[in-house]
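Chemist: need a structure here:
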Amino acid sequence: METKQAPPVFLTDAEKTRLMCEAIAEAEQGVSEGEAPIGCVIALTGENGTATIVARGHNRGNALKRKNAHAEIIAFENGGSDDSGREPTLPMDAEKVILVSTLEPCVMCLGAAMESGVTYVLFGMDAPADNGTKRVKPPESPESSNPYIEGGILAQECRELFEKWLHGKEGTEQAKFVEQLLALTHEHGADKTDGGSNEPSQQRAADND
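Modeler: Next up, the predicted model:
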C-alpha cells in the first residue's frame, strides 16, 4: 500500500527493532502473569532522533477482569498521572509520540492512539480479524492525530509469542482468539487474507478517506 505522507520522525531500522524488542519483553512479562502475549511501549523522540520509552503495558484482561485492558490502553494509563499526584511520563501536550505494539492495534486502541496525539504507530504481526489500521477513519478534531502507521516489525518473532503461548491451551475458551489469529496469518506474521505482504510504511488509516 502506498503511503500518503512521510514519517513524522526518522527512525533507523535498528531503532525500530530496539523498540519492538522492548514491546516483546513487555508481552513476555504479561505471559508470566497469565495473560495473552501482547506488549506495548510508548516513546518520545528527542532532537537527536533517538526514542525514549516513557510508558509500557501488556494485556491485563485476566487480572483486571476487563475486556478493554489491552496492552496499548494499559500503556496509556501507566503513562498518565494518578490520584497520588504522580507526574505523568506521557504529558498531554507531548509531540512526536510513538506507539509500538507487538500486534496490530484494534479499533479501540488505534482510536485511543489518535485521540492521544500519537504521531507514529509501529506494530509487529497483522491482526486480520480486527484490522484496526484498515477500519478506523482519522479524526478531524484539532487535538487528535492521523498517525503514520508501519507494520511488519519483527512480525515473525511476535507471532512466535502466540505459538508458544498456545501450546497446551488448544481448544480452551482463552485460546480461541489466538487460534484464529494464527490461522489467518502466515508464519512470518502477515495477513493471509490480503496477500500476506505486511509491507512496512503502510499509511493505512489515511487511505480510508
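
Chemist: secondary structure class for residue 121?
Modeler: Classification of residue 121 into helix, strand or coil gives strand, according to DSSP: H, G, I helix; E, B strand; the rest coil.

Chemist: isn't it right up against residue 150?
Modeler: Yes: between residue 121 and residue 150 there is a contact under CB atoms under 8 Å: 7.1 Å. (Each C-beta comes from the backbone N, C-alpha and C, glycine too.)

Chemist: which one of those two is surrounded by more residues?
Modeler: The neighbour comparison of residue 121 against residue 150 (other CB atoms under 10 Å) goes to residue 121, with 28 against 22.

Chemist: state the distance from that one to residue 169.
Modeler: With the distance defined as CB to CB, to the nearest Å, residue 121 ends up 29 Å from residue 169.

Chemist: any idea which helix or strand of the protein has the worst average confidence?
Modeler: Ranking every helix and strand in the chain by mean pLDDT, DSSP states H and E puts helix 132-135 at the bottom, with a mean of 90.

Chemist: other SSEs contacting that helix?
Modeler: Helix 132-135 sits against helix 107-115, with contacts defined as 3 or more CB pairs under 8 Å, 6 or more residues apart in numbering; DSSP states H and E.

Chemist: quick check: buried residues in the helix it packs on?
Modeler: Using 16 or more other CB atoms under 10 Å as the test for burial, helix 107-115 gives 108-114.

Chemist: pairing partners for whichever helix or strand comes after the least confident helix or strand of the chain, with directions?
Modeler: Proceeding N to C from helix 132-135, the next assigned helix or strand is strand 148-150, under DSSP states H and E. Neighbouring strands of strand 148-150 in its sheet, by DSSP bridges, are strand 118-125 (parallel).

Chemist: any idea whether the most centrally placed residue in the chain is helix, strand or coil?
Modeler: If you average the C-alpha coordinates of the chain and look for the closest C-alpha using CA atoms, centre = their mean, you land on residue 101, 2.5 Å from that point. Put simply, residue 101 is strand when judged by three-state DSSP.
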